[in-house]
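Colleague: Next comes the sequence, and after it the predicted model I'd like to discuss.
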Amino acid sequence: MIHSANAATVAQAAQALRDGQLVGLPTETVYGLAANATDDAAVAQIFMAKGRPADHPLIVHVASAAQVPLFAAQVPDFAQGLIDAFWPGPLTLILPRQPGVATASAGGQDSIGLRCPSHPVAQQLLQACAALGVHGVSAPSANRFGRVSPTTAAHVQSELGADLLILDGGECAVGIESTIIDCTRGEPVLLRPGHITRVQIEAACGRAVLDKDEVSQPAPRASGTLESHYAPRAKVRLMSAQDIDAKLHALGPHANNLGVWAAKRPDVGAGVIWLEQSTVSEQAAHDLFSVLRALDARGVQQIWVQLPPDAPEWEGVRDRLHRAAA
Ligand code: TXA
Ligand code: MG
């Protein structure tokens, strides 16, 4: 059931969450599959609906920074600086967890992922939930495990079925999932790149951001960090623009059932579907998952993607593309 978001449907969704049900939730990054973070039985339904292993922790979404102490045992100074700079917005912080709180959601970790989304519908829903005594909402991306994240309400319905109550908040503006910073190791560690870049993180907190392979203990399981993820049905291949042109030229009229996401229209026949890849990283991030879905829906067997530049603002898009191609 897709409901356009308004005061009545938001109130209905908040009650559903309080009553232990799941809700499809728009955020500025991607759509989430939401449940009351402290209701272990409701959270278990998320893992079932997604087909996600129960030891992959979920992000708890909060209406404001005031709710952080309910879930986090401690907030290092640099993490507070990131909250002040980027919340509400597409940034998730991993913090030491309050013992005994949101245990199922944390997937067995003694840490907790917290994020305060900026999407107006997410904000309204989280505030309505808080008024009903639900102070955190766990929400992984609303896709089946390993598949492409949804950026529209229709995507959520096609992933999870017609019975789910989905609030329609339009197309997600960012299009890729939040940047995740692990704040439990004394230094900020980048677990997942996103719209907020490592350069912005470093500027806001005055610390160097480490990569996850630079820290000694293994990072907790993070499905968004598995090598193969975000995979459409079609096989994704990453190439330079020159390679795309050369291979298409070599195939000539034999190029069939092929999707191409590249900045410039290649010289191709009817068997190839070209979609334009923006040269602006934010626009390409916005388009990425819906392009993969659209080409899948057109039945192509392969998707050839022009690999964007190895520049800081492209880190999030390149990360998702490498996983989609793995
Ligand atoms: O933008 C987003 O973050 C979206 C929207 C819906 O808010 N949510 C999202 O959730 O991407 P999900 O579950 O698809 O990805 C969450 C990532 C996973 O890689 C998970 O393992 C990691 O966050 N994560 C959550 N809690 C963690 C923890 N305590 N320690 C380490 N990683 C954690
Ligand atoms: Mg996900």
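Modeller: Yes, it's here. Numbering: from 1, shown residues only. Ligands and ions are numbered 1, 2, ... in the order given.
Colleague: need the residues of the protein near ligand 1, please.
Modeller: Applying Cβ under 6 Å from any ligand atom, we find that the chain lies next to ligand 1 at 27, 29-30, 32, 56-59, 90, 92, 94, 106, 109, 111-113, 115, 117, 139-141, 177-178, 180, 191, 220-225. (Each C-beta comes from the backbone N, C-alpha and C, glycine too.)
Colleague: ranges for the helices of the chain?
Modeller: With DSSP state H as the criterion, the chain has helices at 7-18, 40-50, 68-71, 77-86, 120-131, 153-160, 198-205, 241-251, 281-297, 315-325.
Colleague: Got a quick ChimeraX command for the buried subset of the residues of the chain next to ligand 1?
Modeller: Command for ChimeraX that selects the buried part of the residues of the chain next to ligand 1, burial taken from 16 or more other Cβ atoms under 10 Å:
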select :27,29,30,32,56,57,58,59,90,92,94,106,109,111,112,113,115,117,139,140,141,177,178,180,191,220,222,223,224,225
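Colleague: how far away is the nearest residue to residue 155 once chain neighbours are set aside from residue 262?
Modeller: Counting by Cβ to Cβ, 6 or more residues apart in numbering, residue 155 lies nearest to residue 293, which is 6.3 Å off, once chain neighbours are set aside. Here the criterion is Cβ to Cβ, to the nearest Å. By it, residue 293 lies 18 Å from residue 262.
Colleague: The two: which has the busier surroundings?
Modeller: Comparing residue 293 with residue 262 by other Cβ atoms under 10 Å, the one with more neighbours is residue 293, at 23 against 20.
Colleague: what's the pLDDT at that one?
Modeller: pLDDT, residue 293: 96.
Colleague: Could you do residue 268 as well?
Modeller: So, for residue 268, pLDDT stands at 82.
Colleague: Which residue comes closest to it once chain neighbours are left out?
Modeller: residue 248 (5.6 Å).
Colleague: And for residue 107?
Modeller: Setting aside the residues directly before and after it, residue 107 is nearest to residue 57 in space (Cβ to Cβ, 6+ apart), at 3.6 Å.
Colleague: didn't that neighbour look like it was pressed against residue 110?
Modeller: No - using Cβ atoms under 8 Å, residue 57 is not in contact with residue 110, being 10.4 Å away.
Colleague: Got the domain ranges for the protein?
Modeller: The chain breaks down by automatic domain parsing into domains covering 2-214, 235-325.
Colleague: how much space is there between residue 30 and residue 66?
Modeller: 25 Å.
Colleague: swap that for residue 237, sorry
Modeller: Applying Cβ to Cβ to residue 237 and residue 66 gives a distance of 47 Å.
Colleague: center of this structure, which residue is that?
Modeller: Residue closest to the average C-alpha location in the chain (Cα atoms, centre = their mean): residue 177, at 2.5 Å.
Colleague: Mind listing what's buried along stretch 277-288?
Modeller: 277, 281, 282, 284, 285, 286, 287, 288.
Colleague: Ranking the domains of the chain by mean neighbour count, which comes first?
Modeller: When those are scored by mean count of other Cβ atoms under 10 Å, the highest mean neighbour count falls to domain 2-214 (a mean of 20).
Colleague: and that one, average pLDDT?
Modeller: 97.
Colleague: And for stretch 251-259?
Modeller: For stretch 251-259, the mean per-residue pLDDT is 91.
Colleague: Would you mind confirming that residue 194 is in contact with residue 29?
Modeller: Yes - the pair residue 194 / residue 29 is scored as a contact, 7.2 Å apart, by Cβ under 8 Å.
Colleague: Leaving aside the residues adjacent along the chain, what's closest to the most far-flung residue of the chain relative to its centre?
Modeller: Centroid-distance maximum for the chain: residue 253 at 38.0 Å, with Cα atoms, centre = their mean. Leaving out its chain neighbours, the residue that sits closest to residue 253 by Cβ to Cβ, 6+ apart is residue 269, at 6.0 Å.
Colleague: What distance do you get for that neighbour to residue 255?
Modeller: 7 Å.
Colleague: which ones are touching residue 278?
Modeller: Taking Cβ atoms under 8 Å, 6 or more residues apart in numbering, we find residue 278 in contact with 263, 284, 287.
Colleague: What pLDDT is listed against the last one?
Modeller: Per-residue confidence (pLDDT) for residue 287: 98.
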